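[1] Below is the sequence, then the predicted model.
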Amino acid sequence: MTTGSQTLPRVEAHLSPRRHILDLDDFTRDEIESLLDAAEAMREVLDRDIKKVPSLRGKVVITMFLEPSTRTRVSFEQAGKMLSADVINISGSGSSAEKGESLLNTALTLQAMRADLLVVRSPQSGAPYFLASNLDSMGVVNAGDGMHAHPTQALLDLMTMRRHLGSIEGAKVVIIGDVLHSRVARSDIHGLATVGAQVVLSGPPTMIPLEMLRGDVRHTPANVTVEPDLDRAIEGADVVMALRIQKERAAAGLLPSMREYTRRWMVSEARLAKAKPNALVMHPGPMNEGVEIASSIAHSPRAQIEEQVTNGVAMRMAVLYQSLAGQHGGDL
Ligand code: NCD
């Protein structure tokens with residue numbers, strides 16, 4: 001067991017400064033790889049007996065979650081604390097947002113208190129961009145905005161794949177389900193396309209973005225294809241990723257019925273048998289077991305779902321570190 005070391009191993013090396021982290025669509029492959037390397041170093045700290053290094057001592061990180069969250073919210077808080085930042089959590093209820101204060105005025109208030117970084121989850125697509133363009137000293141990290149982006153989830157997904165596959169380049173990654181409403185899928189697609197994976201989207205055609213369904217080359221990266229028939233999509237896959245079926249969407253008529261969905265798109269034992277023998281099974285959580293993923297698979301050794309959560313802490317440590325290092329340009 002590793003104990004006691006007070007230092008952060010090999011992180012400073014290649015991280016280019018970035019005050020705001022809003023999505024992966026403007027990340028180069030090198031930048032993504034550097035973050036994956038930094039997260040590996042953070043994972044080493046996470047696996048120590050004493051999980052704390054002083055790297056972000058004196059920095060103030062505020063998490064503001066305006067939508068429910070368990071793993072993303074807790075992992076950002078845990079990540080900040082392990083790097084010795086002061087982490088303050090606020091939510092919509094209990095803050096002045098309840099009295100009608102605008103999101104921007106709330107953020108300006110936090111910036112005036114000299115907070116260094118705001119981690120924000122919002123039901124409104126684009127909210128973190130709006131904040132980032134109106135704040136001059138506080139950084140913004142997007143922890144999920146509406147249907148738009150969830151960059152740190154995509155990064156932790158890439159980290160999990162790289163740890164287990166060695167390299168993601170050329171790997172076949174099948175993303176299944178409600179791609180249309182999934183900010184996780186959107187960011188995963190950007191990240192995976194940038195590092196050279198072959199992405200196949202499978203699900204009810206009503207839940208696949210129209211431009212991707214049509215193969216519109218202006219809006220679909222070259223290595224992303226659509227195969228609604230999951231039995232065909234899953235053949236030879238290296239990674240099988242199920243998305244949460246958002247039951248609230250069923251009412252909007254986008255799903256034939258839950259039973260029909262489960263019959264055609266649930267990741268089952270029989271379907272998984274068509275993937276590579278050691279294919280990874282992933283899910284961003286929270287899961288609807290027995291709907292998009294069979295319970296026997298969700299808790300099998302092939303499932304990386306808890307590993308994704310662990311890597312989420314390491315990746316968020318890397319992201320906080322990158323953002324705050326960029327802000328102060330300094331000697332961390
Ligand atoms: C997802 C989210 O909130 O975008 N969960 C997560 O952050 N791990 C996915 C979902 O809610 O379906």
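    Nice, thanks for sending it over.

[2] Now for residue 88, which secondary structure element holds it?
    Take DSSP states H and E as the rule and residue 88 turns out to sit in strand 86-91.

[3] Need the residues that contact that strand.
    59-66, 73, 76-77, 80-81, 115 (C-beta atoms under 8 Å, 6 or more residues apart in numbering). Bear in mind the C-beta positions are built from the backbone N, C-alpha and C, glycine included.

[4] State the pair within these that is farthest apart.
    Farthest pair in the contacts of strand 86-91 (C-beta to C-beta) is 59 and 66. Separation: 22.7 Å.

[5] Check the gap between whatever residue of the stretch 151-300 of the chain ends up closest to the ligand and residue 163 for me.
    As assessed by C-beta to the nearest ligand atom, the ligand sits closest to residue 244 within the stretch 151-300 of the chain, at 3.4 Å. According to C-beta to C-beta, to the nearest Å, residue 244 and residue 163 sit 23 Å apart.

[6] Compare these two (neighbour count), which wins?
    Neighbours around residue 244 and residue 163, counted as other C-beta atoms under 10 Å, are more numerous at residue 244. The numbers are 19 against 16.

[7] Now for that one: which residues touch it?
    177, 178, 182, 283, 284, 285, 286, 287, 288, 292.

[8] try residue 175
    Taking C-beta under 8 Å, 6+ apart, we find residue 175 in contact with 185, 188, 189, 199, 200, 201, 202, 241, 243.

[9] And the pLDDT for the closest residue to residue 264 other than its chain neighbours?
    Leaving aside its chain neighbours, residue 264 sits nearest to residue 230 (6.5 Å; criterion: C-beta to C-beta, 6 or more residues apart in numbering). pLDDT for residue 230: 98.

[10] Which helix or strand contains residue 291?
    Counting by DSSP H and E, there is no helix or strand that carries residue 291.

[11] Around the ligand, which positions in the stretch 101-250 of the chain sit nearby?
    Taking C-beta under 6 Å from any ligand atom as the measure of proximity, the stretch 101-250 of the chain contacts the ligand at 144, 150, 153, 183, 184, 244.

[12] Include secondary structure and pLDDT when you put those residues into a markdown table, please.
    Converted to a markdown table, these look like this (DSSP: H, G, I helix; E, B strand; the rest coil; pLDDT from 0 to 100):
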| residue | secondary structure | pLDDT |
| --- | --- | --- |
| 144 | strand | 97 |
| 150 | coil | 98 |
| 153 | helix | 98 |
| 183 | helix | 95 |
| 184 | helix | 97 |
| 244 | coil | 94 |
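
[13] where along the stretch 201-332 of the chain do the helices fall?
    Ranges of helices in the stretch 201-332 of the chain, per DSSP state H, counting those that start in this stretch, are 210-213, 230-233, 247-250, 258-265, 269-272, 295-298, 305-328.

[14] Point out the most buried one among those helices.
    helix 305-328 (a mean of 23; mean count of other C-beta atoms under 10 Å).

[15] does any part of it sit near the ligand?
    No: Helix 305-328 does not reach the ligand (C-beta under 6 Å from any ligand atom); its nearest approach is 7.8 Å.

[16] Any idea how many residues pack against residue 223?
    Number of residues near residue 223 (other C-beta under 10 Å) recorded here: 16.

[17] ok, so what distance separates it from residue 259?
    Residue 223 is 33 Å from residue 259, where distance means C-beta to C-beta.

[18] Next up, the contacts around the residue nearest to residue 178 when sequence neighbours are not counted.
    In this structure, residue 178 finds its nearest non-sequential neighbour in residue 207, 4.5 Å apart by C-beta to C-beta, 6+ apart. Residue 207 sits next to 177, 178, 179, 180, 181, 249, 254, 255 when contact means C-beta under 8 Å, 6+ apart.
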